[in-house]
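J.: Quick one, what's the 3D model for this:
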Amino acid sequence: MPILVTIIAICMSLALPACSTPQFPSVHKVSIQQGNIVTQEMVNQLEPGMTKVQVKFVLGTPLIKDSFNQNHWVYLFNVTDARLQKKEKRLEVYFSEQDRLSGLRGDYHPIDAKLTTAR
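T.: Model (predicted):
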C-alpha cells in the first residue's frame, strides 16, 4: 500500500505542472508582407534627371501609378506581424513633364538633397 501511495504521489507531482501553463498554445501566425521592398540603399542610387525606365530599374515597378497624373508613382510596403501590428513604409516619386525624376517624398530620404520635395 505505501508503494501505491508513493507511485500516485510521484505521478501527481509530475502531472501537476502541466496544469500551470500560462496560456493555451495557439496556432502559429506568419507576418504578412505586401507591396514593394524599398531600401535606403536603393533610394541613395536615385539622382535628379533620371528617366522613368532608370527609376523603375532601381526601385522596381511602382505599386500605384496615378491614372490622372502619370508623373506621380507611389511605392508602398506594409508588414503586419503575428500580433496584428501594422508597419507601413511609403515613397512617392515625382517626375517632370519631360519624364525626368524631379523629387521624392516619404519615409526615405535621399543623399542628394535636391530630390526632396514638399508637394
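
J.: List the beta-bridge partners for the nearest residue to Gly106 once chain neighbours are set aside.
T.: Nearest residue to Gly106, sequence neighbours excluded (CB to CB, 6 or more residues apart in numbering): Leu91, at 4.0 Å. Every residue, glycine included, has its C-beta placed from N, CA and C. For Leu91, the beta-bridge partners are Tyr75, Gly106 (DSSP bridges).

J.: Quick one: neighbours of Leu91, just the number.
T.: Using other CB atoms under 10 Å, Leu91 is surrounded by 23 other residues.

J.: And it, how far from Ser102?
T.: Distance from Leu91 to Ser102, counting by CB to CB, to the nearest Å: 14 Å.

J.: which residues of this structure fall in strands?
T.: Listed in chain order, the strands of the chain (DSSP state E) span 32-35, 64-65, 72-80, 86-95, 101-106.

J.: Quick check: closest non-adjacent residue to Gln70.
T.: Phe95 (8.0 Å).

J.: Could you verify my assumption that the one you found touches Leu104?
T.: No. Contact criterion CB atoms under 8 Å: Phe95 and Leu104 do not qualify, at 10.8 Å.

J.: Looking at the two, which one has more neighbours?
T.: For Phe95 versus Leu104, neighbours defined as other CB under 10 Å are more numerous around Leu104 (23 against 19).

J.: can you pull the buried residues of stretch 64-83?
T.: 71-77, 80 (16 or more other CB atoms under 10 Å).

J.: now stretch 52-61
T.: Those would be 52, 55, 58-59, for stretch 52-61 by 16+ other CB under 10 Å.
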